[in-house]
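Chemist: With the input below, show me the fold.
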Amino acid sequence: MSTSGQPISLSFRYRVPAGAVLALLTAALATLAFPPYGLWPLIWVAFVPMLLSQYRVLPGHLSSLAPAIAIGSFFGGYLVPIFGGTGSYMLWLPLAIGLVVLLTDRRNRAFHERTRYRWFVWRGALSWAGIEMVRSLVPIMGTWAFLAYTLHAQTWYIQPVSIFGVFGLGLLIMVVNHAVAQWALAVFDRRWRLDTGLPSLEPRLVRRWLAGAGIAVLAWGALSLALFAAPAGSDTVTVAAVQVPGRAASGRGYEKDPERREALFGQLLDQTREAALKGAELIVWPEGALDFDPQAQRSEELRFLAADTGAYLVVGYMVTLPDGSWRNEATVVSPEGEFLGTFGKDHPVVFGGERHTSLGVYPVYDTPAGKLGTIICYDLDFTDTARKVTRNGAEIIAVPSLDWADIASKHYTHVVFRAVENRVAMVKCDGGYDSAIIDPRGRLVAWAVTPEGANVTLVAEVPLGTGRSPAVVLGDWVGWLSLAAMVGFVVLEATGKMPARPGNPLPPRKEPELPS
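Modeler: Numbers count the residues shown, from 1 in each chain. This next block holds a predicted model:
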C-alpha cells in the first residue's frame, strides 16, 4: 500500500464494507457518550469515523451511505430500545431517517471537493444544528438524542447554554468533530489516495480550523466558569419529590384493584408527610398520580393534607374522557386549602391520546416558597414550554412525569438543560424511575435513577432562580440561525454559486496520475 499519498487501487468490495464499519463506529461512539454509559468525551470525536468514510473511504457515488448508516444506526440504537413499545412507527423511524440522509447528502462530497473543503466545518456543523432545530419542532422527536445532553453532568462547562441554548453547545460539538475530521482527511491524503482527482486540503486551512475549534472550546469553558462563579440569589426553598412506583396511575391504565389503588394513594400521603417532616415547603407528585380531577373529587382530603403539612402540593392527574382520550393536567394546592389553578400538558403525547382543555395557559403562582410554575413530563423534551413559564415569572418549576424503566437513565438529563437555559430551579417527580431536584445552574442537588422502580422521597434545599437569561429573551436563536444557514448552503450548493474563495475563482491544479 502506498505511503506517499499516491493513488492506490482498492477494490469496490473492500471499500464499501470498510466505509460501513467506520459509519457503524460513529454510531457506537455516539451511543456510548450518552447515559447510561456516560463516556461523554467521545461525543467530541464520535463523528470523525463517519466523515472519513464519507469523504475518503467510500466511492464518491456512494458517499452518502456513510451518514445514512451512522445516523440511522445511532437513532435506531438510541430510540428503539426506549420507544419501541409506543408504536411500530418508532421502529421504522430510524430507517426513515437513514433514507432521508442517504438522499439529501448525495451532493455534499462533490460540493466540498469543488470548494476545496473551505466550507467543510461550517457546512457540517451548522447543518447539524439546523437539523436539531427542525427535530425540536417535531412532536414525536423533540430534543431526544441531542448531542449536548451527553454533557449534562459537566455543570462547570454547560453554563453558556443560558446564552446560546442547547443548540449552541450542539453546534460547538460538531465544529470540533468536523475540524478534527478535516485534519484526519489531510493525514489520510498524505498516506493514501483511493480516488484520482481529489483536491488536497490546504495545510493552512486545516491548522486554522484546528486552532479555531480549540480556541472555541477554551473560550466556551472560560465563559462557563465565569458564569458558574457569578453570585446566585440568596433565597432558598426546601422541596420534595414523592416517587411511588405502581401508583394509582400506570401509563394508560390504572390499578384495577380498589384496595390496591387505595393503598397506593395512602403511600403518596405517607411519603408526603415524610417529606414535610423533613422541612419540605413544596412537594411534587408524579404525572397522573390520580385518575380523577382532585378539584372535583376527594378535594377535602388534599386540602387537609396541604394544611396538615404546611406545604404546597403539586398534584398530577389524568381524567379519562368519553372518547377514550384524557386530560393530562396538574394543579397546586396551598396550605390554606386553595386550588391555585390548572396547567394542561403543553406537548401532549400524540400517540397516547392525550389532550386537555387549558392549552396555551402557563400559570405561575406567587407563593412564600417562590414563584412556582409547572410543566408535565414530555414538555421538558422541548425548549419552549419551560421558557414560556419562566417568562411569566417562574423562579422554580415543578415537573410531574410518568416515565418507564427504559428511559430512566436519560430523561432527567433534559431537565438539567431546561434549568440552565431559563435559570430556574426544577423538581422532576417521576412515577417510579427517575426523579431529580436541580438548581438554576443545572446541578443535580438530589436525584434517584431507579430503572427497577422504587419508592423514593427526595428532599433538598435549592436556591430559587432569577428567570433571567439571554435564552429566555431570545429563545432558540442559535438553532434558528443555524437552520437559516443550512438552507442557504443547500440553495448555494444546488445552484453551484459558492466558490472556494469568496470572489476568487478556483486556481488551476494538477491531478495526480495513476502509475502505468
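Chemist: Where does pLDDT dip in the stretch 151-300 of the chain?
Modeler: Residues of the stretch 151-300 of the chain that meet the criterion pLDDT under 70 lie in 246-256.
Chemist: shouldn't residue 132 be in contact with residue 479?
Modeler: Yes: applying Cβ atoms under 8 Å, one finds residue 132 in contact with residue 479, separated by 6.6 Å. Placement of C-beta: from N, CA and C, glycine included.
Chemist: For the two, list the residues in contact with both.
Modeler: Common neighbours of residue 132 and residue 479 (criterion: Cβ atoms under 8 Å, 6 or more residues apart in numbering): residue 167.
Chemist: Next, residue 332: phi, psi?
Modeler: Backbone torsions of residue 332, given as degrees, to the nearest 10, read phi -120, psi 130.
Chemist: what's around it, how many residues?
Modeler: When neighbours are counted by other Cβ atoms under 10 Å, residue 332 registers 24.
Chemist: Identify the bridge partners of it.
Modeler: Each beta-bridge partner of residue 332 is listed here, defined by DSSP bridges: residue 314.
Chemist: Show me the helices in the stretch 1-150 of the chain, by range?
Modeler: 12-33, 48-52, 65-83, 88-104, 108-114, 120-135 (DSSP state H, counting those that start in this stretch).
Chemist: Tell me who's in contact with the closest residue to residue 179 other than its chain neighbours.
Modeler: With sequence-adjacent residues excluded and distances taken as Cβ to Cβ, 6 or more residues apart in numbering, residue 179 is closest to residue 213, at 3.8 Å. Applying Cβ under 8 Å, 6+ apart to residue 213 gives the contacts 121, 175, 176, 179, 180.
Chemist: so the first one sits right up against residue 177, yeah?
Modeler: No: the criterion here is Cβ under 8 Å, and residue 121 misses it with residue 177 at 9.0 Å.
Chemist: before we move on, back to that, out of the helices of the stretch 1-150 of the chain, which one sits most buried?
Modeler: With neighbours defined as mean count of other Cβ atoms under 10 Å, these peak in mean count at helix 48-52, which reaches a mean of 24.
Chemist: by contact count, what packs against it?
Modeler: Counting by 3 or more Cβ pairs under 8 Å, 6 or more residues apart in numbering; DSSP states H and E, the packing neighbours recorded for helix 48-52 are helix 12-33, helix 65-83, helix 161-191.
Chemist: and it, how far from the chain's centre?
Modeler: On the basis of Cα atoms, centre = their mean, to the nearest Å, the separation between the geometric centre of helix 48-52 and that of its chain is 23 Å.
Chemist: which residues touch it?
Modeler: Under Cβ under 8 Å, 6+ apart, the answer for helix 48-52 is 22-23, 25-26, 29, 66-67, 70-71, 124, 177-178, 180-181, 184-185, 188.
Chemist: Any idea what residue 438 is bridged to?
Modeler: Partner residues in beta bridges with residue 438: residue 426, residue 444, with DSSP bridges as the criterion.
Chemist: hang on, the earlier thing: to residue 287, which of the helices of the stretch 1-150 of the chain lies closest?
Modeler: Within the helices of the stretch 1-150 of the chain, the stretch nearest residue 287 is helix 65-83; the backing value is 17.1 Å (Cβ to Cβ).
Chemist: name the helices or strands packed onto the closest one?
Modeler: With contacts defined as 3+ Cβ pairs under 8 Å, 6+ apart, the packing partners of helix 65-83 are helix 12-33, helix 48-52, helix 88-104.
Chemist: Now distance to residue 410 and mean pLDDT too, for these, in CSV please.
Modeler: Supplementary listing: the helices and strands packed on helix 65-83 in CSV, determined by distance: least, Cβ to Cβ, whole Å; pLDDT from 0 to 100:
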stretch, distance to residue 410, mean pLDDT
helix 12-33, 11, 94
helix 48-52, 22, 98
helix 88-104, 15, 81
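Chemist: Select, out of those, the one closest to residue 474.
Modeler: Closest of the helices and strands packed on helix 65-83 to residue 474 is helix 12-33, at 27.9 Å (criterion: Cβ to Cβ).
Chemist: Break the chain into its domains for me.
Modeler: Structural domains of the chain, as assigned by automatic domain parsing, span the residue ranges 12-230+475-495, 236-465.
Chemist: Return the most buried member of the ones you listed.
Modeler: With neighbours taken as mean count of other Cβ under 10 Å, those reach their highest mean count in domain 236-465, at a mean of 21.
Chemist: Straight-line length of it, end to end?
Modeler: This stretch, domain 236-465, spans 9 Å end to end (Cα to Cα, to the nearest Å).
Chemist: any idea of the mean pLDDT in stretch 482-491?
Modeler: Summarised as a single mean, pLDDT over stretch 482-491 is 93.
Chemist: Put the alpha carbons of that stretch into CSV.
Modeler: These are the backbone C-alpha positions of stretch 482-491, laid out as CSV (Å, rounded to 0.1, in the frame of the first residue of the first chain):
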residue,chain,number,x,y,z
SER,A,482,-28.2,27.5,12.1
LEU,A,483,-31.4,26.4,10.2
ALA,A,484,-31.2,29.6,8.1
ALA,A,485,-27.6,28.9,7.3
MET,A,486,-28.3,25.3,6.4
VAL,A,487,-31.0,26.4,4.0
GLY,A,488,-28.6,28.9,2.5
PHE,A,489,-25.9,26.3,2.0
VAL,A,490,-28.5,24.0,0.3
VAL,A,491,-29.5,26.7,-2.1
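Chemist: show me the residues around the closest residue to residue 232 other than its chain neighbours that make contact.
Modeler: Excluding the flanking residues, the one nearest residue 232 by Cβ to Cβ, 6+ apart is residue 463, at 5.5 Å. Under the criterion of Cβ under 8 Å, 6+ apart, the neighbours of residue 463 are 232, 233, 234, 235, 236, 425, 439, 440.
Chemist: so the second one sits right up against residue 467, yeah?
Modeler: What it means is residue 233. No: using Cβ under 8 Å, residue 233 is not in contact with residue 467, being 10.2 Å away.
Chemist: Of these two, which one has the most company?
Modeler: Remark: of residue 233 and residue 467, residue 467 carries more neighbours, 23 against 14, as counted by other Cβ under 10 Å.
Chemist: hang on, the more buried one packs against residue 397?
Modeler: No: using Cβ under 8 Å, residue 467 is not in contact with residue 397; the gap is 9.6 Å.
Chemist: measure residue 283 to residue 435 for me?
Modeler: Relative to residue 435, residue 283 is positioned 12 Å away (criterion: Cβ to Cβ, to the nearest Å).
Chemist: between the two, what contacts are shared?
Modeler: A shared contact of residue 283 and residue 435, defined by Cβ under 8 Å, 6+ apart, is any residue touching both; here these are residue 241.
Chemist: Tell me the one of the contacts of residue 463 nearest residue 106?
Modeler: If you rank those by distance to residue 106 using Cβ to Cβ, residue 440 comes first, at 45.0 Å.
Chemist: hang on, the earlier thing: rebuild the helices and strands packed on helix 48-52 as CSV, extending it with distance to residue 56.
Modeler: Output for these, formatted as CSV (distance: least, Cβ to Cβ, whole Å):
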stretch, distance to residue 56
helix 12-33, 9
helix 65-83, 10
helix 161-191, 5
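Chemist: nearest to residue 311, of those?
Modeler: Going through these one by one, with Cβ to Cβ as the measure, helix 161-191 comes closest at 29.5 Å.
Chemist: when you compare where the helix or strand just after the closest one runs with where helix 120-135 runs, what's the angle?
Modeler: Later in the chain than helix 161-191, the nearest helix or strand by DSSP states H and E is helix 203-229. If you take axes from the mean of the first three to the mean of the last three Cα atoms, to 10 degrees, helix 203-229 sits at 50 degrees to helix 120-135.
Chemist: what lines up beside the next helix or strand after helix 203-229 in the sheet?
Modeler: Proceeding C-terminally, helix 203-229 gives way to strand 236-243 as the next helix or strand, assigned by DSSP H and E. With DSSP bridges as the test, strand 236-243 is paired with strand 282-284 (parallel), strand 456-463 (antiparallel).
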